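Let me see the structure of the following:
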Amino acid sequence: MRKSDKKIENQIRDVLTEVCEDTLKGYGGFLWVTHTVKFSSFPQSLKIVCVFETNQDRANFLMGEDQFHVSTAIQKAFNKVGVQLKNVDKHISYDTQKNRE
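All right, here's what the predicted structure looks like:
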């Protein structure tokens, strides 16, 4: 990993940790957030996954406006560090712990 890649990785981790602690912890069944990235095509390649405990928790989250609030929080957090995500919803997916096992 190049030094510049490590800097980007740390920045992503810091932003997602902040979003996790400040925003996502308030949603029932939310467990953690993770990501993947191809550094050579960052930020377009950034994929963020919000993981919930059960399919029902995920479904409940997706039924209301919660998804909008979370995507807005993620967008704002990345904007604060100078990373522009053109369509943040294309970068975010929602999964469950059971599906990831």
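
how about the strands in this protein?
If DSSP state E is used as the criterion, the strands of the chain fall at 30-36, 47-52, 92-96.

Dump these to CSV, plus distance to Thr17, mean pLDDT and mean neighbour count.
To be clear about C-beta, it is placed using only N, CA and C from the backbone, and glycine gets the same treatment. As requested, the strands of the chain are exported to CSV (distance: least, Cβ to Cβ, whole Å; pLDDT from 0 to 100; neighbours: other Cβ atoms under 10 Å):
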stretch, distance to Thr17, mean pLDDT, mean neighbour count
strand 30-36, 8, 94, 16
strand 47-52, 12, 96, 20
strand 92-96, 16, 96, 16
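
Can you add distance to Lys86 and give those strands back as TSV?
As requested, the strands of the chain are arranged in TSV below (distance: least, Cβ to Cβ, whole Å):
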stretch	distance to Lys86
strand 30-36	17
strand 47-52	14
strand 92-96	13
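
elements contacting the lowest-mean-pLDDT helix or strand in the chain?
Least confident element among the helices and strands of the chain, by mean pLDDT, DSSP states H and E: helix 97-100 (a mean of 82). If you count contacts as 3 or more Cβ pairs under 8 Å, 6 or more residues apart in numbering; DSSP states H and E, helix 97-100 packs onto strand 47-52.
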